[in-house]
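In: Dropping a prediction and its sequence here:
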Amino acid sequence: MAKLSDLAPKTKGKIVKVKGRDAIHRRLLDMGAVSGTQFEVEKKAPLGDPIQIKIMGYHLSLRKYEAETIVVTEANEEL
Amino acid sequence: MRKQLTIALAGNPNSGKTSIFNNLTGARQHVGNWPGVTVEKKEGTCKHNGYDIKVVDLPGTYSLTAYSMEEVVARDFVIKEKPDVVVDIVDASNLQRNLYLTTQFKELGAKVVIALNMSDVAEKSGLNIDVKMMSQLLGAPVVPTVGNKNQGMKDLLDAVVKTGENKNRFGGHPIGYGKEVDPEIEKIQRIISEDSNLVSKYSPKWLAVKLLEGDSEVIKVAEASPVWQETQLAVRKCQNYIKGHIGEDAETLIADQRYGFIAGLTAETVQRPELERLSISDKIDKVITNRVLGLPIFLLFMYALLKFTFSGSEFMVGWFEGFFEWLGGAAAAVIPVGIFQSFIVDGIIGGVGGVLGFFPLVLFLFLGIAILEDSGYIARGAFVMDKIMHAFGLHGKSFLPLLIGMGCTVPALMASRTLESRKDRLITMLVNGFIICGAKVPIYALFIGAFFFKSGATVFFLFYVIGIAFAVVMAKLFRVFLLPGEAAPFVMELPPYRVPTIKGILIHMWERGWMYLRKAGTIIVAVAVLIWIGFTFPQEPKYSRDYEAMTAQIEENYTHQVAPIAAGFGTEVERIEESEVFIKFLDVDTNFSAAVGEAELEEDSEEYAALEKEREVSFEKLKEIYPEQAGFYAQYKTLTSAKDEQLAEIENAMAAEQMERSYAGRVGHAIAPFFKPLGFDWRSSIALLAGFAAKEVVVATYGTLYSMGETDPEAAGPLRQAIQKDPLWTPLKALTFMIFCLLYIPCFVATVVFHKEAGSWGWTGFMVLYTTALAWVASFIVYQGGMLLGLG
């Protein structure tokens, strides 16, 4: 188990859960970051933050400290 | 009477909602605000199958929580206004996340028609959607549409009318929240249903689910219910059950289940291609927000945008100037000379022309921004810039309002609405005025032209940079000291790149441009009239000198001096222009002037020199015939031009004194002490005061003050020379003046809009005071510092 913020670009994985109980938590859920959702880390912004992931077929950007609240499993961990 | 139907358009941002709204309503649109909040409300009408359909465009949202104004507005409209049909626009190429909102409308108990939009894009990418099956599973008609190509609108309206007539509520399968939780939800529903008043307004299922989620707005409503205690107990029990048995909080579980429902639905109705190809949009994105190229590309786009704005609008600025010049001239020709003519020509046409002169510039900027916005780049700009903006206490999305601020602060303040957090919005609005707006440009053009001409472009650019520097530094200070706290989330969709439609861009551009225009139509006319009155009255004040006597004296001297010359032509002073010989001499000059005027020659051009030579030759010829009179004529010319000059001087002095003693002048004198430490005299004081009304007026006011008559702010050549020659002005004073203009209060309209957007007198007062204080202090430091360094 890792945090989304720890993953390097090009990594794929599945979301386990989103921690916290605030507006960010809620927004992430609404945007599809629910357990079992597959994602791919696409890139970091030129200055390193925010990051961009692909989820449910669309692109989502979020800051690193927001990505820290998302618990994930890397795709290769499942193998 | 025709039958009426009200429909609400709902959908995610970037789902193509706007183009469908435009297709349905055409030009029959009305833009306003939702009551009580600064969220834009668009309404329109259309006709279909004997129905008059009112179309209300709900804000684009991803969900219906209580966390954002937009989402509360959208759900309150559906609950309270009970539209006959909710048209939910769903992006077919991004089904899962889009249907998430659909499931919530379903729970809300609305009658929904689903527009499966951009179905062509989905098809092209290899998605095969079973529309019929989807309709059945969702229990709502699903209509494929292509909004940006205006396809499927008739089918959509057919479905809308049918659904509107059919009294059934949304059928289909309700979302299940799991075997264990569903009975608990039903229990809560039963308890709430005892309050018949409450459930006549809200669907019990929706109330139950929202209470489980801990929705703050719904809790507020339910707290007033007589069954609240019982309900609260059941809700707590259910929440604890979920926590204990499933290990999740209720909010997460509900979102999980909704997405689970959607996953099931799409598994049955959507066939995906075996191999997902990289779309063109993804390929573009690989380059544009690239780690290395991302920032240079951003800067390139910003440079291109400004270049486009300033170079592209040049020709149109010329048209506008020409038009107002013509209009002023035409009005002057029709209306007899006098106070009324001055009112129309100088007051109204001059004032409005000053504002509209920059309209093309603003319009081009907004056109450029609309293209960037509709193509999907603006979100990328926010993505690239967020780290920097965040470091200064702003949000990545703040860069759009700041960019629009280069055109006009009014739409810029309104664009701050895209920021979700009130703190981010306030900070962005508080610093927006430091961005040089279109109306301030002529001030810089005038003073840079007069004092820093050699390195004009650099100085101008420097002022932009100073403005931006003030904006970010003040933003940081506000974030640290005034509005501390967590920044709003940057959880944001990066929509696919799209080729924008011309119609979409033009509508987008016009919406913002219109705000600028409205300002010209209302407030500026009023202000122009006020300023005109201020400078024109009292008409004949007590002058310090007797100008009339001085004029009479000059005329008398002149007659006295010309008398011997007239005698030389064999006539009297009054009849000198009837003398044949005199006319011959006069014709040489008149012809010369006419030729120069007709060809619009510059004094240093070759053609001018040639004509001058010709004149001399003609004169010499005449001189051979009338040697004596030639001498007289030369004397006459010198005397006349000297007299004209003296008269003009007196007239200018009189006009200047009239101005100084006018109401506006008195006000200028009254406030001058405030500006004295900054090196400004009463004239700058009044120009700055007028600038609070509208920045366009600053240059126009100087024009009046320097007796230039009507001054076109774009081509203020004579005014520039007058200021250059005026010993009261020094480069240091000009610099100080420009700094003050950069920082002090944005115009009156911007202040009003600020107040509307901020919604509190406290913040408005603070904005007015701090900008003025900052401008004063910064100008004081520049001026006094410069004086100490001996630059004065």
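Out: Okay, I see it.

In: Can you name the residues of the stretch 451-600 of chain B that neighbour chain A?
Out: Contact residues of the stretch 451-600 of chain B with respect to chain A, defined by Cβ under 8 Å from any Cβ of the partner chain, are listed as B:488-496. All C-beta spots, glycine's among them, are computed from the backbone N, C-alpha and C.

In: The closest residue to residue B:731 other than its chain neighbours and residue B:493, how far apart?
Out: The shortest distance from residue B:731 to any residue other than its chain neighbours is 4.4 Å, reached at residue B:451 (Cβ to Cβ, 6 or more residues apart in numbering or on different chains). With distances defined as Cβ to Cβ, to the nearest Å, the gap from residue B:451 to residue B:493 amounts to 49 Å.

In: So for the two, which residue has more residues nearby?
Out: Of the pair residue B:451 and residue B:493, residue B:451 is the one with more neighbours under other Cβ atoms under 10 Å in any protein chain shown, namely 21 against 18.

In: now that one: how far from chain A?
Out: When distances are taken as Cβ to the nearest Cβ, to the nearest Å, residue B:451 and chain A turn out to be 39 Å apart.

In: surely that residue meets residue B:732?
Out: No: counting by Cβ atoms under 8 Å, no contact exists between residue B:451 and residue B:732, whose distance comes to 9.1 Å.

In: could you list every residue that touches residue B:53?
Out: Residues counted as contacts of residue B:53 (Cβ atoms under 8 Å, 6 or more residues apart in numbering or on different chains) are B:4-7, B:24, B:45-47, B:157, B:160-161.

In: Kindly reformat these as TSV containing secondary structure, distance to chain A and neighbour count.
Out: Putting the contacts of residue B:53 into TSV (DSSP: H, G, I helix; E, B strand; the rest coil; distance: Cβ to the nearest Cβ, whole Å; neighbours: other Cβ atoms under 10 Å in any protein chain shown) gives the following:
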residue	secondary structure	distance to chain A	neighbour count
B:4	strand	34	11
B:5	strand	30	22
B:6	strand	27	16
B:7	strand	24	25
B:24	helix	26	25
B:45	strand	32	14
B:46	strand	31	19
B:47	strand	36	11
B:157	helix	29	22
B:160	helix	27	28
B:161	helix	32	21
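
In: Out of those residues, which comes closest to residue B:663?
Out: residue B:45 (48.7 Å; Cβ to Cβ).

In: In the stretch 351-500 of chain B, where is pLDDT below threshold?
Out: Low-confidence segments of the stretch 351-500 of chain B, defined by pLDDT under 70: B:354-355, B:486-487.

In: Helices along that one, start to end?
Out: Taking DSSP state H, counting those that start in this stretch, the helices of the stretch 351-500 of chain B run over residues B:359-375, B:377-391, B:399-404, B:409-415, B:422-432, B:441-451, B:456-477.

In: mind listing what's buried in the second one?
Out: Of the residues in helix B:377-391, those buried by neighbour count under the rule 16 or more other Cβ atoms under 10 Å in any protein chain shown are B:377-387, B:389-390.

In: Next, count neighbours for the residue nearest to residue B:680 when sequence neighbours are not counted.
Out: Across the structure, with Cβ to Cβ, 6+ apart as the measure, the residue nearest residue B:680 apart from its sequence neighbours is residue B:737 (6.7 Å). Around residue B:737 sit 25 other residues, with neighbours defined as other Cβ under 10 Å.

In: Thank you, goodbye.
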